[in-house]
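Novice: Fold the following and give me the result.
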Amino acid sequence: MANVAQSLVATGHTIRGVCYARPDYISQAIAGLSAIPPERVGPSGEYDYYGLVKRIQIKFCDRVGRSAVRQLTVKQRGSAVILSGQVDTLDLLDQLVELALHTEGATHVEVHDVQVSSLELSRPVRVA
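Specialist: Modelled structure (predicted):
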């Protein structure tokens, strides 16, 4: 490969990029480049920058219903899931956090400015 690069330079061509690797490493590197990070896998298995959010939103609607999460915003920062908005109960919020945590690609869930409509007084509030 070094002879090819020298030949190109000698004839006046510009080398835009060359990758040198051990022969056994090339197949591993190519396989690694074709893999999609878990937080970027879309609902249909395609690459999607917001794939984790989309899969979680689908899971929320399937499990608790669209009306239960209509005032909840789901965002992602890398593999972190961020919930904000409004939910009806603490039990629902707990259920949504658990669903998000058990979605492939999510490493943790952050709850920011979530308003709970009806607070059950018999249930202790969980502070993280």
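Novice: Please name the nearest non-neighbouring residue to Cys61.
Specialist: Beyond its immediate neighbours in the sequence, the residue positioned closest to Cys61 (CB to CB, 6 or more residues apart in numbering) is Val69, lying 6.7 Å away. C-beta: built from backbone N, CA, C; applies to glycine.
Novice: Check the contact between that neighbour and Val87; I expect there is one.
Specialist: Yes. Counting by CB atoms under 8 Å, Val69 touches Val87, with 7.5 Å between them.
Novice: any shared contact partners between these two?
Specialist: Listed as contacting both Val69 and Val87 by CB atoms under 8 Å, 6 or more residues apart in numbering are Leu96.
Novice: how much space between the residue nearest to Cys61 and Gly45?
Specialist: Distance from Val69 to Gly45, counting by CB to CB, to the nearest Å: 24 Å.
Novice: What helix or strand is the residue lying closest to Ala106 once chain neighbours are set aside located in?
Specialist: If the residues on either side of it in the chain are set aside, Ala106 comes closest to Val81, at 5.1 Å by CB to CB, 6+ apart. Using DSSP states H and E, Val81 sits within strand 80-87.
Novice: Alright, that wraps it up for me.
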